[in-house]
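Asker: just the structure for this:
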Amino acid sequence: MLKIFNTLTGRKDPFEPLVPGQVRMYVCGVTVYDYSHLGHARSAIVFDVIRRYLEYRGYDVKFVKNFTDVDDKIINRAQELSLPWQAVTARYIDAYYRDMGRLGVCPATVEPKATEHMEEIIRLIRTLVEKGVAYLVNGDIYFEVQKYPAYGRLSKRKLDELQAGARVEVDERKHNPMDFALWKSSKPGEPAWQSPWGPGRPGWHIECSAMSMKHLGDTFDIHGGGQDLIFPHHENEIAQSCSATGKEFARYWVHNGFVQINQEKMSKSLGNFFTIREIFEKFPSSEPVTAEVIRYFLLSSHYRSPMDFSDQALKEAKRTLDGFYDLFLRLEESPRSEGGWDFTLTFEKRDKSDDLNKSDFAESLKRAENITAEEYVGRAIAQKHFYTLFRGVMDDDFDTPSAMALFQVLRHVVNQLLSEKDLSRMSRDEIRNAFLSLGQVLGLFQVPVKDWVFGRKLHKVNLEAELKPKGELAYIQMNPAIDQLVEERNEARRRKDFAKADAIRKKLEEQGIILEDRPDGTTRWKR
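Answerer: I've put the predicted structure just below:
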């Protein structure tokens, strides 16, 4: 059974959606006043994987992720750039979509903007005023936290303690220093909308309540975001939403940990952040490759844990992924005889009754160096037990590090198998399909193998460390026109039309293309 760590209860709770087979999920999106950084990337990728895994488990997921497109930070940025605030939000929304597209993050089902939901926001504020839990002061409206006795239940903080150490802007008009703004009267030159209380704009917290309830209902399944949103943002969302409806707001609260630089949270206010576009610039390879490197790095730690960013960590993720793609290339290029060994058929009877779970997988990891490849593959893959293991670790609060460790063990034993014996075509296809189908849940292993190994775009490869003779420099490239000529030459060789094969080789040599005929009958080319 899927279990999710619920910040509200402080434990891993069995996941039971309100409507069987359906999941309604809301995640707080970005405030669009600047480019997204690696911290934003982690949150986006974490909830992208959660959404993908829920869909893999068969749920029909409605995923809502908002844009905060009216805010003090946006107004200040517009003044800095001497631009209309609408131009600022449009610029950074476009940049966000480009960055998420590069990272392979799937678009949400609905991506609402605060400015498009003023009617719902004003209606919700009016309800809170009518219920007596919000009050008007000179055109501003505040939520009165004393009127919500359960305030602090998400963050596990008590109101009297919050008041004693409150680090909030002093405003003597408030009944309590912890009261928060639902509506702000407009100042000259600021964006404003008409309301029953005069022209103004909404406070940050009320926007998410109004948008989530509009698209998901008064109560929905999962509410997510970064740990920095637990208090006060999500705490305030709960207070105002539950006060308005008299119902529970969200049933499961999921929060991802910070990305840190030298054990300090990455944030724009501290100036210690890297934008997503800067991360892509660190790698000269193609975007799909870089996207998987970033995803592998970010998913290598449990989503609730903090993680330290470094160039070295990204390089290590790249090296690890190189190892996977080297295996995929071996599966494609090594000889495929019709009579090769078929591990699935060999072991399916022996392990048919095994019930493998996360504890079994942990034990297998401990013993990985002491068991034969056949023994491990027989237990894990026969009768699709590898899929059972994957589901077992992901059902435990989306444990991506254990899922990736599982892939690592499978890579190890398959490499061992390929060194020991010839695998049947069916076995090779089943291994590759396991990596592709389960990797898709994490957004990994989706780049065509030759695009990864040789590069989609022309780039320089220093072969001193990788190829022989040492010191040789080559340029390796995927090019459909050249690939077609190589295939025509291979076909001519198969027909024993060696004159045509030699003519094609000569034509390519005139273009600076060197062909390398391999023992398995395949041909590579390089400049």
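
Asker: local confidence estimate at the closest residue to residue 26 other than its chain neighbours?
Answerer: Ranked by Cβ to Cβ, 6 or more residues apart in numbering and with sequence neighbours excluded, the top spatial neighbour of residue 26 is residue 212, at 4.2 Å. All C-beta spots, glycine's among them, are computed from the backbone N, C-alpha and C. Here, the pLDDT recorded for residue 212 equals 98.

Asker: the residue lying closest to residue 301 once chain neighbours are set aside: how many residues sit nearby?
Answerer: Leaving aside its chain neighbours, residue 301 sits nearest to residue 307 (4.1 Å; criterion: Cβ to Cβ, 6+ apart). Per other Cβ atoms under 10 Å, the neighbour tally for residue 307 reads 20.

Asker: am I right that residue 307 is in contact with residue 256?
Answerer: No. Between residue 307 and residue 256 there is no contact under Cβ atoms under 8 Å: 9.9 Å.

Asker: so which strand or helix has the residue nearest to residue 26?
Answerer: Using DSSP states H and E, the element containing residue 212 is helix 204-216.

Asker: do residue 323 as well
Answerer: According to DSSP H and E, residue 323 maps onto helix 311-333.

Asker: what's in contact with that helix?
Answerer: Applying Cβ atoms under 8 Å, 6 or more residues apart in numbering, the contact partners of helix 311-333 are 279, 282-283, 289, 292-294, 296-297, 300, 407-408, 411, 414-415, 418, 428, 431-432, 435, 444-445, 447, 449-450, 452-453, 518, 520, 522.

Asker: now restrict these to buried residues only.
Answerer: 279, 283, 289, 292-294, 296-297, 300, 407, 411, 414-415, 418, 428, 431-432, 435, 444-445, 447, 449-450, 452-453 (16 or more other Cβ atoms under 10 Å).

Asker: narrow these to those in helices?
Answerer: Those of these mapping onto helices are 279, 289, 292-294, 296-297, 407, 411, 414-415, 418, 428, 431-432, 435, 449-450, 452-453, per DSSP state H.

Asker: ok, back up a step: give the residues shared as contacts by residue 307 and residue 256.
Answerer: residue 42.

Asker: tell me how far residue 58 lies from residue 116.
Answerer: If you measure residue 58 against residue 116 using Cβ to Cβ, to the nearest Å, the figure is 32 Å.

Asker: among the two, which residue is more densely surrounded?
Answerer: Between residue 58 and residue 116, counted using other Cβ under 10 Å, residue 116 has the larger neighbour count: 12 against 7.

Asker: and stretch 298-311, C-alpha only, in CSV?
Answerer: Extracted in CSV, the C-alpha atoms of stretch 298-311 (Å, rounded to 0.1, in the frame of the first residue of the first chain):
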residue,chain,number,x,y,z
LEU,A,298,17.9,15.9,-7.4
LEU,A,299,16.3,12.5,-7.0
SER,A,300,19.4,10.8,-5.5
SER,A,301,18.3,12.2,-2.1
HIS,A,302,14.9,11.6,-0.5
TYR,A,303,12.6,14.4,-1.3
ARG,A,304,12.1,15.4,2.3
SER,A,305,15.8,15.6,3.0
PRO,A,306,18.0,18.7,2.5
MET,A,307,20.7,18.2,-0.2
ASP,A,308,23.9,20.0,-0.9
PHE,A,309,24.6,21.3,-4.4
SER,A,310,28.0,21.2,-6.0
ASP,A,311,29.5,20.9,-9.5
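
Asker: any regions of the stretch 351-500 of the chain where pLDDT drops low?
Answerer: Low-confidence segments of the stretch 351-500 of the chain (pLDDT under 70): 351-384, 455-480.

Asker: which residue ranges of it form helices?
Answerer: Under the criterion DSSP state H, counting those that start in this stretch, the stretch 351-500 of the chain contains helices at 358-367, 373-380, 385-395, 400-420, 425-442, 449-454, 480-494, 498-510.

Asker: distance to residue 4 added to those helices, as a markdown table?
Answerer: Compiled in a markdown table, the helices of the stretch 351-500 of the chain are given as follows (distance: least, Cβ to Cβ, whole Å):
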| stretch | distance to residue 4 |
| --- | --- |
| helix 358-367 | 15 |
| helix 373-380 | 25 |
| helix 385-395 | 9 |
| helix 400-420 | 14 |
| helix 425-442 | 16 |
| helix 449-454 | 33 |
| helix 480-494 | 45 |
| helix 498-510 | 56 |
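
Asker: out of those helices, which gets nearest to residue 6?
Answerer: Among those, helix 385-395 comes nearest to residue 6, with 14.9 Å by Cβ to Cβ.

Asker: quick one: the helix holding residue 323 to helix 400-420, angle?
Answerer: Note on geometry: by axes from the mean of the first three to the mean of the last three Cα atoms, to 10 degrees, helix 311-333 and helix 400-420 are set 40 degrees apart in direction.

Asker: check which residues of helix 311-333 are buried.
Answerer: For helix 311-333, burial by neighbour count (16+ other Cβ under 10 Å) applies to 313-314, 317-318, 320-321, 324-325, 327-328, 331, 333.

Asker: what of stretch 209-219?
Answerer: Using 16+ other Cβ under 10 Å as the test for burial, stretch 209-219 gives 209-216, 219.

Asker: and stretch 414-424, by the same measure?
Answerer: Buried, per 16+ other Cβ under 10 Å, within stretch 414-424: 414-415, 417-418, 423-424.

Asker: residue 485 touches residue 507, doesn't it?
Answerer: Yes. Using Cβ under 8 Å, residue 485 makes contact with residue 507 at a distance of 7.1 Å.

Asker: okay, the two: which has more neighbours?
Answerer: Taking other Cβ under 10 Å, residue 485 and residue 507 do not tie; residue 485 has more neighbours (18 against 12).

Asker: separation between that one and residue 451?
Answerer: The spacing between residue 485 and residue 451, counted by Cβ to Cβ, is 19 Å.

Asker: can you check residue 171 too?
Answerer: From residue 171 across to residue 451, the span is 57 Å (Cβ to Cβ).

Asker: now the strands for the stretch 1-150 of the chain?
Answerer: With strands called from DSSP state E, counting those that start in this stretch, the stretch 1-150 of the chain shows them at 3-6, 11-14, 22-27, 60-65, 134-137, 140-143.

Asker: reformat the ones you listed as TSV; add mean pLDDT, mean neighbour count and distance to residue 89.
Answerer: TSV is the format used below for the strands of the stretch 1-150 of the chain (pLDDT from 0 to 100; neighbours: other Cβ atoms under 10 Å; distance: least, Cβ to Cβ, whole Å):
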stretch	mean pLDDT	mean neighbour count	distance to residue 89
strand 3-6	98	18	33
strand 11-14	98	12	37
strand 22-27	98	24	19
strand 60-65	98	21	16
strand 134-137	97	19	27
strand 140-143	98	23	23
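
Asker: taking strand 60-65 as reference, get the angle to the helix holding residue 212.
Answerer: Orientation of helix 204-216 against strand 60-65 (the same axes, to 10 degrees) gives an angle of 150 degrees.

Asker: run the chain-centre distance for stretch 171-190.
Answerer: Averaging C-alpha positions (Cα atoms, centre = their mean, to the nearest Å) puts stretch 171-190 36 Å from its chain's average.

Asker: out of the buried residues of helix 311-333, give me the two with the largest separation.
Answerer: 313 and 333 (30.5 Å).

Asker: low-confidence stretches in the stretch 51-200 of the chain?
Answerer: For the stretch 51-200 of the chain, the stretches with pLDDT under 70 are 163-170.

Asker: what about residue 82, how many residues nearby?
Answerer: 6.

Asker: before we move on, the earlier item: of all the strands of the stretch 1-150 of the chain, which one is nearest residue 74?
Answerer: Among the strands of the stretch 1-150 of the chain, if distance is taken as Cβ to Cβ, the winner is strand 60-65, at 18.0 Å.
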